[in-house]
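Enquirer: got a predicted structure here, sequence first:
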Amino acid sequence: MNKIYTEIAGLTDKFRKIAHGITNPPDSNKINEAVQELMLYFLQMNPEVLKKIYTQDGIDGVAKYGIVALRRALTSKKSKFYYKYEKYYSHIDNYRYCTDSTISPDGETYATPYYQGISDIPQSVEDEPRWEKLEKIDKALDELYWYDRELFKLYYYEGNTLDSLAEKTRISRNSIFTTIDKVRETLREKLDETI
């Protein structure tokens, strides 16, 4: 299967050229997203079906199959690609929000709807950059007992679930939950904020 996947990866430029011809007007972001979705489609495809296509028609047959899937993704409003990318991103700038009251120069309030697009909303500026918050959390963690700190890091920093941690460490799930909850409360108190 690795040989087939390697040959499919070699078709990336060909698929990009074909997608360029299908999209109107050509949009490089849309083309790249569609080709990436196609590659993901091949990876998630039933290996037996892919192997059968490859055995019967070689890499050309796989390419033809990919072209059909790519055309469908870019032109059909029922495709996964349309729902995942096109439907959302093509309408996001059309969203409008309304400010419905205005104060006149003489102090009177009256209703005049004022519509702005989502692109007009100013970007929120954080008082503290994210990395500074993480440094504070790390400093607070360094003051904790090693066992509590390491369990917390395994859970939050490495993305383990309670069940996977329990299996890896042979510590009961309830004990891990209690420890992590205790560390969270301690950090809230030390940092005076919700974590």
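Expert: Nice, I can see it.
Enquirer: for this protein, which spans come out with low pLDDT?
Expert: 86-131, 193-195 (pLDDT under 70).
Enquirer: which elements pack onto the lengthiest helix in the chain?
Expert: Longest helix in the chain, counting residues (DSSP state H): helix 47-75. For helix 47-75, the packing partners by 3 or more C-beta pairs under 8 Å, 6 or more residues apart in numbering; DSSP states H and E come out as helix 2-9, helix 12-22, helix 28-44, helix 80-81. Just so you know, the C-beta spots here come from the backbone N, C-alpha and C atoms, and that holds for glycine as well.
Enquirer: show me the contacts for the residue nearest the centre of the chain.
Expert: With distances taken as C-alpha atoms, centre = their mean, residue 84 lies nearest the centre of the chain, 10.8 Å away. Each residue near residue 84 by C-beta atoms under 8 Å, 6 or more residues apart in numbering is listed here: residue 37.
Enquirer: can you pull the buried residues of the longest helix of the chain?
Expert: Residues 50, 53-54, 59, 62-63, 65-67, 69-71, 73-74 are the ones in helix 47-75 that count as buried (16 or more other C-beta atoms under 10 Å).
Enquirer: repeat for stretch 19-33
Expert: Result for stretch 19-33 [16+ other C-beta under 10 Å]: buried residues 19, 22, 30, 31, 33.
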